[in-house]
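Engineer: give me coordinates for this.
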Amino acid sequence: MSYKTWLCAAVMGGALVAGAQGAALAQTKWDLPGAYPAGNFHTKNMVQFAEDVKKLSGGKLEITVHPGASLFKAPEIKRAVQTGQVQIGEVLMVNIENEIPIFGADGVPFLATSFDAAAKLWAAQKPLIEKKLADQGMTALYAVPWPPQGIYSKKDINKIEDLKGVKWRAYSPATSRIAELVQAQPVTIQVAELAQALATGVVDTMMTSGATGRDSKVWESLTHYYDTQAWIPKNLVFVNNDAFKKLDAATQKAVKDAAAAAEKRGWETSKVETESAKADLAKNGMKVQPPSAELKAGLEKVGATMIEEWIKKTGADGKTIVDNYRKM
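Structural biologist: Numbers count the residues shown, from 1 in each chain. The predicted structure is shown next:
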């Protein structure tokens, strides 16, 4: 064999070895669809989660976050993860209450109205959520709360009767039921279409967080924000079990460790967002105020009705969640 032939063979052999080593260290890529804008703190938290996963896994797993319902619309995300169209996803838990009622626990008005209470409710809710997801081939990774929910409107809302007939944005079974109980007109609008719906007058009143209000620049259409702190819903990030099982043990641990950090970071960020969002609403001309005693009393009656209805609807599981939460 000539030196030239030997050199070519050596180079080719080295390339094959390098290729084999590259295959052994091949990067796995996941897509993570979310429903909220890139600037929203939930989305920023997911991006940090993805960066942490990449770092902790030594680059073995790369997760691409797709914000603003750009890959799947909000109601489609759970199904996309369940069927393996994507490996991981984020949902607002109350959005899938119709399918799995216990996901709606944190959307029941006036059940948990502080971050401490919300953490206790998650502790009571989580074991049952994990079981339901496992039955469908998925695993919960982490949950992060929104700021407490308040009422946005373009007029004074001093008592529950003032909500009669308003065009009320509904985005979950709970918000639709509130509309019925206060005799408002429910209109289903997901967050990606909210700004346009407000601008065109499709809705003129809604109950959502300060963060969503800021994201949607509600001050361009609405004038009042009542800090009712009605409930504290959570977003859940979850993974398809088949996709997760394909990862090696070290990468699985990287995902879980990054998820634990994301949950802790997300709860603290939500507390900060609560105050900064209200400040931004006021800075942009909205009248930010607590509800009147009369309005609060009316809303609490609505909440009491919905708590009882929710327990009846969810049966033993719902009763277990509420009983365990109230014991904490």
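
Engineer: C-alpha only now, for contacts and for neighbours.
Structural biologist: Noted.

Engineer: show me where the stretch 101-250 of the chain has strands.
Structural biologist: For the stretch 101-250 of the chain, the strands defined by DSSP state E, counting those that start in this stretch cover 138-145, 149-153, 167-170, 185-188, 205-209, 224-226, 234-240.

Engineer: nearest to Ala105 among those would be which one?
Structural biologist: Smallest distance to Ala105 across those (Cα to Cα): 9.9 Å, for strand 234-240.

Engineer: would you mind writing the CA trace of that closest one as CSV?
Structural biologist: C-alpha atoms of strand 234-240 as CSV (Å, rounded to 0.1, in the frame of the first residue of the first chain):
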residue,chain,number,x,y,z
LYS,A,234,-51.4,27.7,37.1
ASN,A,235,-49.7,26.8,33.9
LEU,A,236,-48.4,23.2,33.7
VAL,A,237,-45.4,22.0,31.7
PHE,A,238,-45.6,18.3,31.0
VAL,A,239,-43.9,15.6,28.9
ASN,A,240,-44.8,12.7,26.7
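
Engineer: ok so, going back, mean neighbour count, distance to Lys159 and mean pLDDT added to the strands of the stretch 101-250 of the chain, as a markdown table?
Structural biologist: Shown next, in a markdown table, are those (neighbours: other Cα atoms under 10 Å; distance: least, Cα to Cα, whole Å; pLDDT from 0 to 100):
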| stretch | mean neighbour count | distance to Lys159 | mean pLDDT |
| --- | --- | --- | --- |
| strand 138-145 | 23 | 28 | 98 |
| strand 149-153 | 24 | 12 | 96 |
| strand 167-170 | 24 | 16 | 96 |
| strand 185-188 | 19 | 17 | 96 |
| strand 205-209 | 26 | 14 | 94 |
| strand 224-226 | 26 | 12 | 97 |
| strand 234-240 | 23 | 28 | 98 |
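
Engineer: can you lay out those as TSV showing distance to Ile63?
Structural biologist: Output for the strands of the stretch 101-250 of the chain, formatted as TSV (distance: least, Cα to Cα, whole Å):
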stretch	distance to Ile63
strand 138-145	14
strand 149-153	30
strand 167-170	31
strand 185-188	31
strand 205-209	28
strand 224-226	37
strand 234-240	12
